[in-house]
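Q: Sharing a model that was predicted from the sequence below.
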Amino acid sequence: MQAPNTQPIRVMIAKVGLDGHDRGVKIVARCLRDAGMDVIYTGLHRTPEEVALAAVQEDVDILGISILSGAQMTVFPRVLELLRGQHGSDIAVVGGGVMPDEDVVELKRMGVSEVLLQDTPPQAIVESMRRLVRERGPR
Amino acid sequence: MGRAVPPLALVQQVLEGRLTAVARMITHAESGEEACHEALAEIYRHTGKAHVVGITGVPGSGKSALVTRLCKALRAGGRSVGVIAVDPSSPFSGGSILGDRIRMNELVTDPGVFIRSMATRGALGGLARASLSGVDILDAAGYDVVLIETVGVGQDEIDVVQAVHTTLVVSAPGLGDDIQAIKAGVLEIADIHVVGKCDRSDAHRTVTDLKNMLAMGHRNSQGYGWQVPLIPTSSVSGEGIPELLTAIDGHLEALTSSGELEQRRRRIAQTRLLKSAENILRDQFQRHHDRQISELTDRMMSGRTHPHAAAQTLLNQFRSERKP
Ligand code: B12
Ligand SMILES: Nc1nc2c(ncn2[C@@H]2O[C@H](COP(=O)(O)OP(=O)(O)OP(=O)(O)O)[C@@H](O)[C@H]2O)c(=O)[nH]1
Ligand SMILES: [Mg+2]
């Protein structure tokens, strides 16, 4: 039974562009749900515009984007820019999938809050989400 | 959006239709926190302009796809649309995967459409606790039409009908026993019947079955002179969507000209009152009476009391503790 005033963490999980690898996101969506979070899944083949606007309308705490196509260095900067333009910059952007370490460093410098690559255990993903919301504080 | 803006400070922006303010206000409403009530009261004063339409039907009947089609048709006619899409929470973790949006992505970049997903969080009847506050917020923000997609329901415990002007019940072929599986109670709440997926070859059977069932004494004309129509639609081809939109507008027209609209408004107001009372009571119980509940449960387990007597004791304790 839920205590009446504890808000579940809201997370949007998105796949952007032509990337059709969706095994990982489905696992992530389920493990976040099983940790008590509300997970909005956008489905495949979204554009950065769709994802950023949807995240603002849904007022999510976290926007998670999964990329296994190599498009991370175009997708993330665009989404961050769009979120800023939509007054959505208090939404934490989290990345996942397959990408080289030097990209991860660069993405974090740009403002991606966390990047969790293959073989991250579900519990670690859950913990990261909780930590990001805790660090942000109430809004 | 700045950090920790109090809900009341957002009201003006909600009334101006600012996207971020509308989105955040719905979050406040979902939290049920004390601070949101004053803001929601202010918003409530500005409601009453939108046509509120409920869309219900068994799981997988095509509600979300239909909502997408309806939004597009309404937009083509120059009307703005707010959508509240409700999906179930997991009874085990309290979490949810909200998937209605998957079918609605193409609408997102249209500034005349606002879509919000909500989890039921244990609420029964096909809606979430904050769904109706969400409707208020979208109404006050100026959306011409507000659509509520309920969770897939097949039983007759449906709250949406008590909360909207127009109820659509969606049936579709290929869902097992389909029509037979829908309880009479669900069929009777329809102001408009939709048979979705009529691009499928087995759809005509669903239409016939439904017609037969409706002919078998289920209410199909309502007191105020509205004949409940049955409209086959396809969200794939778009067939039947213009007819559906005409029927939705026609229903509002019939409500208005017959005076039934006032009746429904009153019914909605009453639903809101009772639901709010229920929510307040449930919160107070959960917050302050855990110990009593647990003690009384112990006594029931050891056979020293029975449910009705235990409930009386609980309510008496509750009343005596309340300061007037
Ligand atoms: C399975 C697979 C496929 C399947 C996909 C099935 C499906 N529906 O998902 C199929 C066969 C269809 C496929 C096709 C292709 N694939 Co492939 N595929 C893989 C493979 C072997 C495993 C991916 C996988 O499912 N892993 C298991 C899941 C659970 O792990 P995961 O997705 O990484 O997710 C975990 C974490 O990353 C993280 N995570 C993921 N997303 C998110 C999101 C958030 C918010 C968070 C917090 C965490 C998170 O959490 C998960 C759990 O730990 C990888 C190789 C690899 N080692 O990754 C190649 C790989 C991804 N594929 C690759 C390629 C090139 C292709 C193709 C282009 C091949 C081709 N030439 O046709 C096509 C493209 C298809 C398309 N439209 O996108 C390359 C990509 C190279 C790159 N990025 O530059 C890889 C890396 C193989 C390689 N080494 O070359 N592929
Ligand atoms: N052929 C056909 N398939 C449809 C149509 N509408 C929806 N579908 C399919 O039916 C399935 C369910 O559609 P949804 O719109 O998600 O149904 P829903 O009633 O919203 O489902 P829940 O929200 O889970 O109860 C999907 O696979 C759709 O692609 C239609 O008009 N024709
Ligand atoms: Mg749906």
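A: That came through, no problem. Ligands and ions are numbered 1, 2, ... in the order given.

Q: Show me where the chain dips below the pLDDT cut-off.
A: Let's take chain A. Across chain A, residues meeting the criterion (pLDDT under 70) sit at A:1-5.

Q: ah, I was thinking of chain B
A: For chain B (pLDDT under 70), the answer is B:1-3, B:154-157, B:176-185, B:217-222, B:288, B:322-324.

Q: Which residues of it lie near ligand 2?
A: Within chain B, the positions adjacent to ligand 2 are B:59-65, B:100, B:103, B:152, B:196-197, B:199-200, B:234-236 by C-beta under 6 Å from any ligand atom. The way it works is simple: take the backbone N, C-alpha and C, and place the C-beta from them, glycine included.

Q: how far away is the closest residue to chain A within the stretch 201-324 of chain B from B:Thr20?
A: Residue nearest to chain A within the stretch 201-324 of chain B: B:Asp283 (4.5 Å; C-beta to the nearest C-beta). Distance from B:Asp283 to B:Thr20, counting by C-beta to C-beta, to the nearest Å: 28 Å.

Q: These two - which one has more neighbours?
A: Neighbours were counted for B:Asp283 and for B:Thr20 using other C-beta atoms under 10 Å in any protein chain shown; B:Thr20 has more, 20 against 15.

Q: Which stretches in the chain count as strands?
A: Just so you know, I chose chain A. Ranges of strands within chain A are A:10-15, A:38-41, A:62-67, A:92-97, A:114-117, based on DSSP state E.

Q: Can you look at chain B instead?
A: Along chain B, counting by DSSP E, strands occupy B:51-57, B:81-87, B:96-98, B:113-119, B:145-149, B:166-171, B:192-195, B:221-222, B:226-227, B:230-232.

Q: Looking at the stretch 201-324 of chain B, which residue is nearest ligand 3?
A: Using C-beta to the ion, B:Ser235 is the residue of the stretch 201-324 of chain B that sits closest to ligand 3, at 11.3 Å.

Q: so that residue touches B:Val67, yeah?
A: No: applying C-beta atoms under 8 Å, one finds B:Ser235 not in contact with B:Val67, separated by 9.1 Å.

Q: max-length helix in chain B?
A: With DSSP state H setting the assignment, residue counts place helix B:260-288 as the longest helix in chain B.

Q: residues near B:Glu295, how many?
A: The local packing of B:Glu295 (other C-beta under 10 Å) involves 14 other residues.

Q: What is the neighbour count of B:Gly142?
A: Neighbours of B:Gly142 under the rule other C-beta under 10 Å: 16.

Q: Give me the phi and psi angles of it.
A: When read as degrees, to the nearest 10, the backbone of B:Gly142 gives phi 100, psi 10.

Q: now it, nearest residue through space, not along the chain?
A: What sits nearest to B:Gly142 in space, not counting adjacent residues and going by C-beta to C-beta, 6 or more residues apart in numbering or on different chains, is B:Gly17, at 4.9 Å.

Q: repeat for A:Leu32
A: In space, and not counting its chain neighbours, A:Leu32 is closest to A:Val39: 5.0 Å by C-beta to C-beta, 6+ apart.

Q: Bridged to the one you found, which residues?
A: A:Val11, B:Ile97 (DSSP bridges).

Q: Let me know the distance separating it from B:Asp159.
A: Using C-beta to C-beta, A:Val39 is found at 24 Å from B:Asp159.

Q: Among those two, which residue is more densely surrounded?
A: For A:Val39 versus B:Asp159, neighbours defined as other C-beta under 10 Å are more numerous around A:Val39 (29 against 21).

Q: do you know how far that one is from A:Arg30?
A: For A:Val39, the distance to A:Arg30 - C-beta to C-beta - is 8 Å.

Q: same deal with B:Asp191?
A: For B:Asp191 relative to A:Arg30 (C-beta to C-beta), the value is 37 Å.

Q: Neighbour count: these two, which is higher?
A: The neighbour comparison of B:Asp191 against A:Arg30 (other C-beta under 10 Å) goes to B:Asp191, with 24 against 16.

Q: Enumerate the residues of the stretch 1-150 of chain B near ligand 3.
A: Applying C-beta under 5 Å from the ion, one finds that the stretch 1-150 of chain B approaches ligand 3 through B:Lys63, B:Ser64, B:Asp100.

Q: Contact partners for the last one?
A: Spelled out, it's B:Asp100. B:Asp100 makes contact with B:Lys63, B:Ser64, B:Val67, B:Ala85, B:Val86, B:Asp87, B:Ser117, B:Glu149, according to C-beta atoms under 8 Å, 6 or more residues apart in numbering or on different chains.

Q: Not counting its neighbours along the chain, what's nearest it?
A: Leaving aside its chain neighbours, B:Asp100 sits nearest to B:Ala85 (3.7 Å; criterion: C-beta to C-beta, 6+ apart).

Q: you'd agree the one you found is up against B:Leu107?
A: No: using C-beta under 8 Å, B:Ala85 is not in contact with B:Leu107; the gap is 11.3 Å.
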